[in-house]
Each structure stands twice: as C-alpha cells, then as structure tokens.
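Q: below: sequence and its predicted model.
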Amino acid sequence: MKNLTKVFTALIITCIFFNICFISNEVHAEDFYHLGVALPLTGTGAFYSKDGIDAIQLAVEEINARGGFMGKYPIKLFIRNTGTKPDAAVRETKAMIFYNNVRCVLGTYSSDCAMAIKPVAKEHGILHIAAISNSENITLKDFSPYTFSVVPNSFMQANAVALGVARLAKEKEWKKYVTIASDYEWGKTTQMNFVRHLKKVAPDLKLIKKLWPRPGENQFASYITEIMSLKPDFVYGSLASRDNMVWMNAAKTLNFFKKIPYPGSLISVSELISQADTIPRDMIGLCRAPFFAHTDVPMMKNFVKSFRAVYNRYPSDWAVMEYDAVYILKQGIEKAGDIDSEMVKNALTGLTVDTTRGKLFFRKIDNQLSCSSYLGVVADDPDYPFPVYKELIEIKGPDSWRSEKEILSARKE
C-alpha cells in the first residue's frame with residue numbers, strides 16, 4: 001500500500017509539473033507580439049523590398065533589445081513572399097493570420113497587393129501598415145480603419161510633381177508632353193493624378209500620348225523610339241523598382257535624356273545608389289523619403305548610423321519608411337497601453353508620431369500620414385559615394401494631399 005501511495009503521489013507531482021510547464025509555455029507564447037511582413041522576396045518588387053525587410057529586422061532587434069513593445073512584449077517576425085501578385089499576397093496574409101496569429105501586417109510593395117489584403121486585415125481585425133505601396137486608393141476608397149499609410153500617396157506625389165513641372169514649363173515654354181507609366185494600380189493612378197493636377201496648374205500643356213508598359217517589361221527600345229518620333233517638350237514617367245532601372249539604362253544608351261527633358265520621375269535613393277556611375281546628372285527627380293533630407297533629425301541620424309553598421313550601406317527610401325512603420329506601431333501600442341489590435345487602431349487614429357522624417361501625424365479621415373514628397377536635381381556630393389538631390393524641394397503632406405471634402409465626395413461615387 002505504501003508503494004502504491006508513493007507511485008500515486010509521484011504521478012500527481014508529475015502531472016502538476018507538466019501542467020505548470022504547459023501553462024508557463026502558454027503565457028510565454030502570449031507574451032510575444034507576432035508581426036507579419038507581406039513583401040516580395042522574388043520578382044519585380046524584390047529590389048525595393050530587400051531594403052525594407054532589412055530595416056524592419058533592424059527595428060525589431062532594437063526594440064527587442066529593450067524587452068519588446070512596452071518593455072514586455074518581444075516581437076516575433078513572420079516574413080512571407082507575395083511575389084508581387086495580389087492572389088499570393090492574400091494567401092500569405094491569411095496564412096500569417098491563421099497559422100502565425102499576427103496582429104499586424106506590414107506591406108506591401110505593389111499597390112494591387114495592398115488593395116487586395118486591405119479587406120482581409122479589416123475582416124480579421126488586424127492592423128495593416130502600408131510603407132512602400134502608395135496608391136491613394138489604399139486609404140481613399142473602401143476605407144478601412146485598420147489600414148494606415150506612412151508613405152506619401154500617389155495623389156500627394158503627383159500634385160507635388162505637377163507644381164514643379166508647371167514652374168519649369170513656364171520657364172522653358174513647354175507646350176506638349178508624353179507620359180509613360182507601368183500598367184498597374186500605382187502607375188495608372190500616379191499618371192492620372194499627375195495629368196489632372198497639371199491640367200489645373202498649367203492648362204495650356206497638351207498630353208499627346210500615353211504609353212503603358214506592362215510590369216516587368218524588359219524591352220523599352222520601341223517605347224523610346226516612339227516617344228522620340230513624337231518630339232514632345234518633356235516626358236513624365238511613373239515606373240518603379242527594376243522596371244525603372246531597365247528603362248533608365250535603355251534611355252541613357254539611346255541618348256534619350258540628352259534630347260528630351262524627363263522631370264519628376266521616381267528616382268529613389270535605390271536608383272541613386274545602384275546607378276551611381278550611370279544615372280544622368282541634372283535630371284529632376286522625385287523620391288519619397290531620402291535620408292539625406294533629414295540628417296538633422298536625431299532619429300534619422302541614429303537610424304543611418306545603425307543601418308550602415310549592420311548592412312554596410314546607406315538606407316533607401318523603402319528602408320526609411322519600413323523602419324518608421326515599426327516605430328509608429330510601437331508608439332501606437334504605447335499610446336493604447338495594450339497590444340490589442342482594436343485598441344492600437346484607435347490609438348493610432350489621428351496620432352502624432354516621431355519618425356526619422358520628423359514629427360508627423362495621421363489624418364483621421366483616411367489614416368494617411370502627413371509625410372512629405374521630395375523633388376530635386378540629381379547631382380554629385382563629396383559627402384557620399386553616389387549622387388543625391390541638390391536644390392531639394394520638400395513639399396509637405398498637408399500642402400499636397402486631397403482635401404477632406406474631395407475624399408468624402410470620392411467615397412460617394
């Protein structure tokens with residue numbers, strides 16, 4: 001009997017021990033904040049996304065070194081490859097929600113993908129922060145209170161460029177122009193908004209041709225030949241990532257930029273770095289978050305230093321904005337005092353946040369961050385091993401975004 005009692009007691013102790021361990025593991029698992037990333041690791045958008053992912057990982061490491069969000073919720077990162085395809089973005093986002101229990105998804109590169117995952121995030125009550133994709137429709141139509149944009153949207157950037165081009169057109173007596181834009185959501189909305197804005201500020205300028213190369217286009221010679229035959233006074237382009245690199249290399253080879261002005265196209269820090277030896281100087285370019293525009297901001301200064309120390313290179317626009325996205329999420333959690341997505345969503349709405357680009361705020365009507373657009377002349381700088389923007393013009397978010405009245409009107413259509 002004594003032996004049986006000992007065995008029974010031992011079994012009870014063992015069960016209690018394993019039960020304690022099980023409960024302990026459950027609590028430990030709940031202490032993690034599961035953060036999802038939906039970006040292309042392959043395909044057209046991989047070039048921009050790599051820098052974004054590196055910046056996200058850096059931010060996560062920094063925050064985890066201090067105990068995680070609120071000092072007690074370490075971040076566990078889940079990265080999924082969208083392949084720059086909307087169906088893949090939806091599939092991978094759902095997988096992160098169902099299998100990884102993510103509370104927030106950062107992404108995506110393509111606006112088509114961002115538009116596709118927006119309703120998924122809303123349906124499941126998780127946060128969605130767009131930091132690279134920037135179609136205005138991400139926050140304009142079918143508005144979701146769970147989706148936030150920390151990048152100047154296509155309306156804001158097109159408005160900024162139109163103001164700059166109108167000024168140049170008056171100085172140089174330009175009369176006609178051509179547009180070339182990628183045939184997908186971002187390219188189409190950027191082109192449309194630019195044309196619409198330019199019509200308002202320079203009504204005498206005439207658009208004589210619209211060209212729409214498919215995403216992933218490898219051959220631009222025929223487009224260049226056609227543009228040259230039309231003899232426009234200037235060309236406006238909205239091509240991105242690898243497509244933009246292929247386009248600029250082909251155009252330079254055919255002396256396109258020496259013959260036809262090409263103002264206001266997207267020339268991000270990625271292009272300035274990767275094409276340092278070949279990119280034409282004196283081009284008037286546009287970018288979304290150049291680090292060199294805000295080296296006076298302590299957060300930017302520290303970020304550049306850390307990014308270079310870890311990756312041995314300077315951060316691109318995409319790195320800046322994804323890094324900001326993680327720290328904006330951190331500030332939303334701190335404001336909410338909780339990691340619950342509903343509470344964080346409410347805290348972020350209208351919140352003023354510290355970013356590498358300075359102190360900015362979310363507009364309540366569309367969750368758009370009041371971030372700037374940047375135009376400038378591509379030129380060499382002795383401080384950097386690649387060209388930067390001289391004569392830099394920063395156009396503030398509130399000076400370029402759509403009015404609230406127009407937003408309400410657009411949502412009724």
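A: Cool, the structure landed. Numbers count the residues shown, from 1 in each chain.

Q: hey, let's count contacts and neighbours off CA atoms from now on
A: OK.

Q: after the helix or strand of the chain with the lowest mean pLDDT, which helix or strand is next?
A: Counting by mean pLDDT, DSSP states H and E, the weakest-scoring helix or strand in the chain turns out to be helix 2-30, with a mean of 43. Next helix or strand after helix 2-30 toward the C-terminus (DSSP states H and E): strand 33-39.

Q: what comes into contact with that next one?
A: Contact with strand 33-39 is made by 45-46, 49, 53, 69, 73-84, 89, 92-93, 96, 100-109, 339, as judged by C-alpha atoms under 8 Å, 6 or more residues apart in numbering.

Q: what does stretch 91-107 give?
A: Stretch 91-107 is contacted by residues 33-39, 78, 80-82, 114, 117, 120-121, 124, 126-133, 322, 325, 340-341 when judged by C-alpha under 8 Å, 6+ apart.

Q: stretch 180-193 too?
A: 110-112, 133-136, 154-155, 157-159, 179, 210-215, 235-240.

Q: cool, stretch 82-90 as well?
A: Taking C-alpha under 8 Å, 6+ apart as the rule, stretch 82-90 contacts 38-45, 81, 92, 109-110, 112-114, 116-117, 120.

Q: take those residues and keep only those in helices.
A: Among those, DSSP state H puts E92, D112, C113, A114, A116, I117, V120 in helices.

Q: by neighbours, which of those residues wins?
A: Using other C-alpha atoms under 10 Å as the neighbour criterion, A114 leads the ones in helices among the contacts of stretch 82-90 with 30 neighbours.

Q: who's in contact with that one?
A: By C-alpha under 8 Å, 6+ apart, the contact list for A114 reads P86, A89, G107, T108, A130, S133, I138.

Q: which residue in those has the weakest pLDDT?
A: pLDDT is lowest at G107 among the contacts of A114; the value there is 83.

Q: spit out the contact partners of the residue nearest the centre of the chain.
A: Most central in the chain under C-alpha atoms, centre = their mean is I132, positioned 1.4 Å from the mean C-alpha point. Neighbour list for I132: G107, T108, Y109, S110, V151, W318, M321, E322 [criterion: C-alpha under 8 Å, 6+ apart].

Q: of the contacts of stretch 180-193, buried ones?
A: 110-112, 133-136, 154-155, 157-159, 179, 212-213, 215, 235-240 (16 or more other C-alpha atoms under 10 Å).

Q: on that earlier part again, of the ones in helices among the contacts of stretch 82-90, which is the nearest to I407?
A: For the ones in helices among the contacts of stretch 82-90, the residue nearest I407 by C-alpha to C-alpha is A114; the value is 19.2 Å.

Q: now G36: how far from E92?
A: According to C-alpha to C-alpha, to the nearest Å, G36 stands 10 Å off from E92.
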